[in-house]
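>>> predicted structure and sequence below. I'll ask about it afterward.
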Amino acid sequence: MNIDLHIHSTASDGTLRPLEILASAHRFNLAAIAITDHDTLAGSRELLESGSLGGMKAISGVEISAAPPPLCPRQGSFHVLGYGIAFDHPRLNRALEKLQSARQDRNPKIIQRLNSLGFPLDINEVSALAGGVDGLGRPHIARLMKRKGYVASIEEAFDRYLGHGKPAYVDKFRVACEEAMGLIREAGGIPVLAHPGVTLDAAIDLDRLLTALVDMGLGGIEVYYPAHHPAQTARFAAAARRYGLLMTGGSDFHGSLKPEIQLGTGAGDLAVPFALFAALEAALDAQRLQAAGTYR
């Protein structure tokens, strides 16, 4: 009875469509899933409105690219997962549309920088390779670079050209961390800190940071993640218990863009227990009841 609550579809930078993900989840005998595409609800909506879950448990999800909070002076995005959110919340959708526009505006600038570095690439080639998906981004550009033989791997494309501070890197708009969490809460959901073992510097004062994030509305920590080693998993689980936060987990599955990561099992040893999904559902139910009582 394992689950996977961190999955990307073709609505952002995954290579499987939502219903293909669902079919794969059934093959792997997963008990519950969440599609958490970058800055869009399209994949999650397609899954949940399909009417074909076939007994699979599923919950709405998104991964928002937020600006790092003051206590976390990290370059790039600070990722916040949102679970159990309403698809039709106006303010959240406006923020996600703004983030999507920022991604679309960024891509031609990245291509232009790569052209100036001697790589003849075109945004139409990127789109064609990605199958015309809406959420084009750096992983798709990296995939084309690999296809053309400019790099040996997607990782090399990021390490040498596309990552933060590299020659073809272009920054983008991000919502404030507090705003991202507030919008998730407004839309009826629960905000969760994504992959802290990857996002946070090892030397950071975790308790001080979590105190600030809880004040912003944080409701959970992604404890189980393929890149977390056992000591990190134990550390984040203990922190979740100290602060009364939910624990979640997932593979961060992207399909063939990250072939080493498999749905449900990550790099082969990931196992996220169903009890975490049950606790998340219970927390969302309690939150809805509280909101109903407030407005009664």
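Cool, got the structure.
>>> and Glu63, that one's in a helix?
No - Glu63: not assigned to a helix; according to DSSP: H, G, I helix; E, B strand; the rest coil it is strand.
>>> so what's it closest to, chain neighbours aside?
In this structure, Glu63 finds its nearest non-sequential neighbour in Thr36, 4.6 Å apart by CB to CB, 6 or more residues apart in numbering. Every C-beta, even on glycine, is put in place using the N, C-alpha and C of the backbone.
>>> now His8
Gly14 (3.6 Å).
>>> so where does that neighbour fall, helix or strand?
Using DSSP states H and E, Gly14 sits in no helix or strand.
>>> who's in contact with it?
Going by CB atoms under 8 Å, 6 or more residues apart in numbering, Gly14 touches 7-8, 21, 37, 43, 253-255, 257.
>>> quick check: which element contains the nearest residue to Gly54 once chain neighbours are set aside?
Excluding the flanking residues, the one nearest Gly54 by CB to CB, 6+ apart is His26, at 6.5 Å. Secondary structure from DSSP H and E places His26 in helix 18-27.
>>> same question, Val223
With DSSP H and E as criterion, Val223 is part of strand 220-224.
>>> could you do Leu99 as well?
helix 90-116.
>>> pLDDT wise, what is Gln75 at?
Looking at Gln75, its pLDDT reads 65.
>>> before we move on, what about the one 4 residues further on?
Turning to His79, the model gives it a pLDDT of 96.
>>> so it: helix, strand or coil?
strand.
>>> now it, which residues is it bridged with?
Ser65 (DSSP bridges).
>>> so who does it touch?
So His79 contacts 63-66, 194-195, 199 (CB under 8 Å, 6+ apart).
>>> pLDDT below threshold where in the stretch 51-200 of the chain?
73-75, 132-134 (pLDDT under 70).
>>> what ranges does it have for its strands?
All strands of the stretch 51-200 of the chain, identified by DSSP state E, counting those that start in this stretch, fall at 57-58, 61-67, 78-83, 175-176, 190-193.
>>> so which of those comes closest to Leu218?
strand 190-193 (5.6 Å; CB to CB).
>>> other SSEs contacting the closest one?
Judged by 3 or more CB pairs under 8 Å, 6 or more residues apart in numbering; DSSP states H and E, strand 190-193 is in contact with strand 78-83, helix 177-186, strand 220-224, strand 246-249, helix 274-295.
>>> burial of Glu179, as a residue count?
Per other CB atoms under 10 Å, the neighbour tally for Glu179 reads 17.
>>> please disregard the earlier target; I meant Asp37.
25.
>>> just Ala239 next, same as before
Ala239: 19 neighbours (other CB under 10 Å).
>>> what does the one helix or strand it maps to rub up against?
Ala239 belongs to helix 230-243 when assigned by DSSP H and E. For helix 230-243, the surrounding residues in contact (CB under 8 Å, 6+ apart) are 196-197, 206-207, 210-211, 214, 220-225, 228, 245-247.
>>> got a quick PyMOL command for the buried subset of those?
Selection of buried members from these for PyMOL, criterion 16 or more other CB atoms under 10 Å:
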select buried, resi 196+197+206+210+220+221+222+223+224+225+228+245+246+247
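>>> list the contacts for Pro108?
Ile123.
>>> tell me the domain ranges of the chain?
Under automatic domain parsing, the residue ranges defining each domain of the chain are 2-87+177-295, 98-162.
>>> got JSON lines for those domains, with distance to Tyr169 too?
Shown next, in JSON lines, are the domains of the chain (distance: least, CB to CB, whole Å):
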{"stretch": "domain 2-87+177-295", "distance to Tyr169": "9"}
{"stretch": "domain 98-162", "distance to Tyr169": "6"}
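>>> could you identify which of those is most buried?
Burial of the domains of the chain is given as mean neighbour count (mean count of other CB atoms under 10 Å); domain 2-87+177-295 ranks first at a mean of 19.
>>> pretty sure Ala279 sits against Gly244.
No - in this structure, Ala279 is not within contact of Gly244 by CB atoms under 8 Å, at 11.5 Å.
>>> would you list the helices and strands packed on strand 190-193 in TSV and tack on distance to Ala237?
As requested, the helices and strands packed on strand 190-193 are exported to TSV (distance: least, CB to CB, whole Å):
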stretch	distance to Ala237
strand 78-83	17
helix 177-186	21
strand 220-224	5
strand 246-249	6
helix 274-295	10
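>>> out of the ones you listed, flag the one nearest Gly163.
Short answer: strand 78-83, nearest of the helices and strands packed on strand 190-193 by CB to CB, at 15.5 Å.
>>> quick one, what contacts the residue nearest to Ala157 when sequence neighbours are not counted?
With CB to CB, 6+ apart as the criterion, Ala157 has its nearest non-adjacent residue at 3.6 Å, and that residue is Ala142. Going by CB under 8 Å, 6+ apart, Ala142 touches 151, 154, 157-158, 162.
>>> cool, thanks, talk later.
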